[in-house]
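**Student:** dropping the sequence and predicted coords here.
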Amino acid sequence: MNILVFDCEAYGVEYLLWRSKDNMVLARGTVTGVGTRSAILKHRLGAQSTHQLVREISDCRNAVKWVISTLVDSKIGVIKDQDEIGAVGHRVAHGASKYTKPAFISDDVLDDIGRFADYAPRHNPYNIDGIKASRTLLPDIPQVAVFDTSYYSTLEPKSYLYGLPYKYYSQYGVRKYGFHGPSHRYASERACFLAGIDFAQAKIISMHLGRGSSVTATRAGKCVETSMGFSPLEGLVMETRCGDIDPEAVIYLMAKEELSIRALSDALHRRSGVLGLSGLGDFDDVVEKAREGDERALDALNVFVHSIRKYLGAYILELGVPDIMVFTAFMAERYPVVRKMVCDGLGFLGIKLDDKVNESVVDAEGEISAADSAVKVYTMPHNEELIIAQRVHRYLQETETRHSA
């Protein structure tokens with residue numbers, strides 16, 4: 001079976017086409033610049049070179065349509081007809097406490113995803129756009145939602161409850177949910193495979209360091225802690241998100257700046273974090289300027305890394321010394337300096353990097369720990385779409401088995 005995966009976000013669409021019989025990624029890519037006259041589709045065939053296409057794309061529906069037409073294109077496609085697609089999996093950010101497993105996307109499930117947009121207003125609405133487009137363009141095949149939050153269904157109350165009046169949890173569902181679940185699971189399972197350690201027995205700390213960033217602790221195949229909370233705003237200082245902040249500071253700023261809720265949300269999500277602190281345009285600039293000694297850039301990078309190390313320390317206290325630490329997503333994959341700064345001075349815990357190897361592993365999979373490190377440390381290109389495809393396939397098989405029993 002060929003399974004197509006969509007991850008529709010505010011910035012664009014990521015996709016992957018996977019063949020189950022040989023666990024083969026046939027194609028993957030991204031569409032960026034949706035809503036402009038010069039949207040870019042980067043289309044990669046297996047392990048081959050990437051094709052780049054440019055055209056006007058007005059909305060998510062047309063982006064999804066462009067992806068499907070590219071997959072069946074006579075020159076750069078990988079299938080002859082869209083009928084060769086057996087199912088579509090959709091990454092959905094928030095499933096609240098209701099969805100702990102994948103789910104067929106019925107009208108009722110789609111309504112739930114819409115209701116949970118109150119919890120993830122910058123994610124679920126875009127997920128819905130992609131789902132609606134896919135259901136329209138591929139109406140006769142199963143559409144399955146895989147929820148970021150489902151990986152965190154094993155959290156205990158001590159980890160997910162906030163110190164608020166209990167009715168805010170019981171009536172409104174205000175609690176920690178966690179995000180980036182598929183990414184953390186893929187990176188953790190893959191690192192265990194490379195290390196020859198059973199995922200179901202391992203102690204793992206995984207760090208997803210991308211536009212959104214989070215740290216997760218996993219013990220014996222179950223998540224026990226994670227840094228993101230009720231929304232993807234909590235936790236680490238991120239690229240443009242503030243992360244943990246004193247709520248009283250937010251109230252103070254609302255009064256001082258006379259901010260509306262919308263303006264405040266925009267400031268916390270889009271104008272804060274590493275870029276807000278540095279005043280620079282992207283993370284490349286921050287790393288480069290920090291190397292040159294720019295004070296604001298260096299402060300921003302140090303604040304980012306320090307926020308990671310605080311959670312790392314807390315999770316080592318919870319797990320004990322882990323068997324594996326794994327870095328994933330672009331801030332970790334592309335920048336060895338970030339990995340080095342996170343692990344600096346942790347030799348007393350048996351966590352040691354091989355500096356030469358660390359510098360050489362960029363946008364690639366590999367072990368970066370020293371030979372005498374007690375903890376295996378890996379960097380892993382993020383591949384949440386692959387694990388979504390695999391989970392959709394497993395879910396379809398389990399459903400078929402139940403129906404035939």
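**Tutor:** Ah, there it is.
**Student:** can you tell me the closest non-neighbouring residue to residue 212?
**Tutor:** Using C-beta to C-beta, 6 or more residues apart in numbering and skipping the chain neighbours, the partner closest in space to residue 212 is residue 232 (5.1 Å). The way it works is simple: take the backbone N, C-alpha and C, and place the C-beta from them, glycine included.
**Student:** so that neighbour sits in a strand?
**Tutor:** No. Applying DSSP: H, G, I helix; E, B strand; the rest coil, one finds residue 232 to be coil, outside a strand.
**Student:** tell me which residues touch it, please.
**Tutor:** 93, 120, 122-123, 179, 212, 214, 241 (C-beta atoms under 8 Å, 6 or more residues apart in numbering).
**Student:** out of those residues, which sit inside strands?
**Tutor:** residue 214 (DSSP state E).
**Student:** ramachandran angles for residue 86?
**Tutor:** Backbone geometry at residue 86, expressed as degrees, to the nearest 10, gives phi -90, psi -20.
**Student:** what's the answer for the one 3 residues further on, then?
**Tutor:** Dihedral angles phi and psi of residue 89 (degrees, to the nearest 10) take the values phi -110, psi 140.
**Student:** which one is it nearest to, not counting chain neighbours?
**Tutor:** Nearest residue to residue 89, sequence neighbours excluded (C-beta to C-beta, 6+ apart): residue 392, at 3.8 Å.
**Student:** please tell me how far that neighbour sits from residue 125.
**Tutor:** Note on residue 392: its distance to residue 125, by C-beta to C-beta, to the nearest Å, is 22 Å.
**Student:** wait, doesn't residue 227 sit right on residue 309?
**Tutor:** No. Contact criterion C-beta atoms under 8 Å: residue 227 and residue 309 do not qualify, at 11.9 Å.
**Student:** neighbour count winner among these two?
**Tutor:** residue 227 (27 against 16; other C-beta atoms under 10 Å).
**Student:** can you tell me the closest non-neighbouring residue to that one?
**Tutor:** Nearest non-adjacent residue to residue 227 (C-beta to C-beta, 6+ apart): residue 235, at 3.3 Å.
**Student:** so that neighbour lies in a helix, does it not?
**Tutor:** No. Per three-state DSSP, residue 235 lies outside any helix segment and is coil.
**Student:** check contacts around it.
**Tutor:** By C-beta under 8 Å, 6+ apart, the contact set of residue 235 is 213-215, 226-229, 243-244, 307, 311.
**Student:** mind checking which of these land in helices?
**Tutor:** Mapping those onto helices (DSSP state H) picks out 307, 311.
**Student:** quick one on the thing from earlier: while we're on the residue nearest to residue 89, how confident is the model there?
**Tutor:** pLDDT, residue 392: 97.
**Student:** got it, and the one 5 residues further on?
**Tutor:** Per-residue confidence for residue 397 comes out at a pLDDT of 94.
**Student:** wait, a strand at it?
**Tutor:** No. Assessed with three-state DSSP, residue 397 is helix; it does not lie in a strand.
**Student:** so who does residue 209 touch?
**Tutor:** Per C-beta under 8 Å, 6+ apart, neighbours of residue 209: 236, 308, 327-332, 338.
**Student:** what's the closest of those residues to residue 399?
**Tutor:** Residue 399 lies nearest to residue 328 out of the contacts of residue 209, by C-beta to C-beta, at 29.6 Å.
**Student:** can you verify my assumption that the closest one contacts residue 204?
**Tutor:** No. The criterion here is C-beta under 8 Å, and residue 328 misses it with residue 204 at 11.8 Å.
**Student:** who are the neighbours in contact with residue 128?
**Tutor:** Neighbour list for residue 128: 110, 113-114, 117 [criterion: C-beta under 8 Å, 6+ apart].
**Student:** repeat for residue 154
**Tutor:** By C-beta under 8 Å, 6+ apart, the residues touching residue 154 are 222-224.
**Student:** run the last query once more with 7 Å
**Tutor:** 222-223 (C-beta atoms under 7 Å, 6 or more residues apart in numbering).
**Student:** for it, give me phi and psi.
**Tutor:** phi -90, psi 0.
**Student:** swap in residue 43?
**Tutor:** With angles defined as degrees, to the nearest 10, residue 43 sits at phi -120, psi 120.
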